[in-house]
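Student: What would the 3D arrangement of this be:
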Amino acid sequence: MTRTPVQNPAGRHGRPAYDRDSLLEIAVVVFNERGYDGTGMEELARRLGLSKSSIYHHVSGKEELLELAVNRALDALFAVLDEEEKQAGDPEGGSPESTATARMKRIVHRSVEVLAAELPYVTLLLRLHGNSEVEQRALARRREFDHRVAELMTRAAAEGGIRADIDPHLASRLLFGTVNSLVEWYRPDRDLTVATLADALTTILFDGLHGPTAS
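Tutor: Predicted structure coming up:
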C-alpha cells in the first residue's frame, strides 16, 4: 500500500516535515521519473521542498535511499518464498496444496500482489544496471530469488506438475519476466483489481490460452 507523505505545513521555516518513509516515497518517484543516475541531491531537495541538510538528517545520501527502496521490494518478494517454505515444512504437509506445483502457482500469484502493492519500488528494482555497490548487492539478491524459484520449478517438473522438457531456470525466467512486465502498464487506479490480475496471469502462465476441453 502506498504511503501518504507526512507533511506539516506549520513545520520549521514553513517547510514540509517528512519522516524517513515519506521522504523515501517521494525519492522513489523522482528516481523512476529521472533515473537514479540522473537524480542529484539538489533535485531531491527541490522536489521535497527541503534543504539538502534536512535530507541528510534522515539518510546519508541518495545511495541509502536507493538501498532502502530496493530492499523494500526484495524483502517483500523473499517473504513470499519464505512463507511457502515454512508451510512446506509443516508436519501436516502432504496435501495437494503442499506440492511444488501448487506452491509455484501461489508464489506467482503472490508476486503479482507484491508488485501491485509495491509498484514504484519494484519498478526501481527492475531498472537497476549494477552501476554501484548498492545496485550490485540488489542484483545479487535478485539472482538468489531466481535460483530459489528455479529449484522449486525443478521439483514441480519432477512431480509431473509442469512440463519437464523445458529447462527450469529458463521456465522460471519466462514466468517472472511476464510478472515483471506488469510494471510497464499496470496502474492501480485503473478498473482492474489486483485479485483479477493475479488470477488471470497465474491461469494463463500455468494453463495456457487454450479453452477448456469439451466433454
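
Student: Show the contacting residues for Leu68.
Tutor: Residues near Leu68 by CB atoms under 8 Å, 6 or more residues apart in numbering: Arg20, Leu24, Val59. In this view, the C-beta of every residue, glycine as well, is placed from N, C-alpha and C.

Student: out of those, which are buried?
Tutor: Leu24, Val59 (16 or more other CB atoms under 10 Å).

Student: Export the contacts of Leu68 to CSV and append columns for secondary structure.
Tutor: CSV is the format used below for those (DSSP: H, G, I helix; E, B strand; the rest coil):
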residue, secondary structure
Arg20, helix
Leu24, helix
Val59, coil
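
Student: by contact count, what packs against the helix or strand that contains Asn32?
Tutor: Per DSSP states H and E, Asn32 falls inside helix 20-34. For helix 20-34, the packing partners by 3 or more CB pairs under 8 Å, 6 or more residues apart in numbering; DSSP states H and E come out as helix 41-48, helix 62-88, helix 119-126.

Student: Just the buried positions in that helix, please.
Tutor: Ser22, Leu23, Leu24, Glu25, Ile26, Ala27, Val28, Val30, Phe31, Asn32.

Student: Pull up the gap between the third one and Glu63, please.
Tutor: Right, Leu24. For Leu24, the distance to Glu63 equals 13 Å [CB to CB, to the nearest Å].

Student: related to what we said a few turns ago, just curious, which of the contacts of Leu68 is nearest to Leu175?
Tutor: Distance ranking of the contacts of Leu68 against Leu175, using CB to CB, places Leu24 first at 29.3 Å.

Student: what's near enough to touch that closest one?
Tutor: Contacts of Leu24 by CB under 8 Å, 6+ apart are Leu65, Leu68, Ala69, Arg72.

Student: Find out how far the helix or strand hosting Ala198 is from the centre of the chain, if you would.
Tutor: Using DSSP H and E, Ala198 sits in helix 194-207. Distance of helix 194-207 from its chain centroid, counting by CA atoms, centre = their mean, to the nearest Å, is 17 Å.
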